[in-house]
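Colleague: next comes the sequence, and after it the predicted model I'd like to discuss.
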Amino acid sequence: MSSQEFHDAISQRIAGCGYPVDWQGSSLGPPSDPEYVRLNIVPTSRRQPLLGDDSPAITRGLLLIDCFSPIGAGMSRVHELADEIGALFDRADRIYITNGIIEFPHGALVRSPMATGAHAQATVQISYEVYQ
């Protein structure tokens, strides 16, 4: 599995809600849409099987999905957006990719919204595991 394939699989899941996805580190900047999300992928560990071990390699990490809504829409709107994005990554959910499976073992955690300039922002934190 390539990091691009992983990114594409997660981005497609989010884009299914109809919100533009900004990618951490891209030079594109936020979309012109009033509501958008920014995807940050933070790998944390990798477990390789030992010789003779039939278990799969496991890569673990966090998805940090920052949700943005115009500040005038209120904090409750950005919280609704974050809840909607978090619901896309249910604990029982799986995404099948080339030579692997992405799972979300703990579901989503939505952090309290805050004001950031012209937008309200809420972060959705989702742990993931990739089995290869």
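Modeller: Done, it's in. This one's a predicted model, so the numbers in the text were calculated from it and none came from an experiment. Residues are numbered from 1 along each chain as shown.

Colleague: for the chain, just list every one of the helices.
Modeller: 3-15, 75-86 (DSSP state H).

Colleague: and the shortest one, what does it pack against?
Modeller: Think helix 75-86. In terms of contacts (3 or more CB pairs under 8 Å, 6 or more residues apart in numbering; DSSP states H and E), helix 75-86 is packed against strand 58-70, strand 108-110, strand 119-131. The C-beta positions use only the backbone N, C-alpha and C, and glycine is treated the same way.

Colleague: nearest to Ile101, of those?
Modeller: In terms of CB to CB, the element of these nearest to Ile101 is strand 119-131, at 4.9 Å.

Colleague: and the closest one, what other elements does it pack with?
Modeller: strand 58-70, helix 75-86, strand 100-103, strand 108-110, strand 114-116.

Colleague: give me the buried positions along the fourth one.
Modeller: Yep, that's strand 108-110 we're talking about. By neighbour count on 16 or more other CB atoms under 10 Å, the buried set for strand 108-110 is 108, 110.

Colleague: nearest to Gln4, of the helices and strands packed on strand 119-131?
Modeller: Per CB to CB, nearest to Gln4 of the helices and strands packed on strand 119-131: strand 100-103, 13.6 Å.

Colleague: paired strands for the closest one, with orientation please.
Modeller: Its sheet considered, strand 100-103 pairs with strand 94-97 (antiparallel), strand 119-131 (antiparallel) by DSSP bridges.

Colleague: list the buried residues in the first one.
Modeller: When burial is assessed from 16+ other CB under 10 Å, strand 94-97 yields the following buried residues: 95, 97.

Colleague: can you check the last one too?
Modeller: Using 16+ other CB under 10 Å as the test for burial, strand 119-131 gives 119-130.

Colleague: also stretch 107-117?
Modeller: 108, 110, 113.

Colleague: any chance of those in JSON lines with distance to Gln4 and pLDDT as columns?
Modeller: Below are the buried residues of stretch 107-117 laid out as JSON lines (distance: CB to CB, whole Å; pLDDT from 0 to 100):
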{"residue": "Ala108", "distance to Gln4": "23", "pLDDT": "93"}
{"residue": "Val110", "distance to Gln4": "27", "pLDDT": "94"}
{"residue": "Pro113", "distance to Gln4": "31", "pLDDT": "92"}
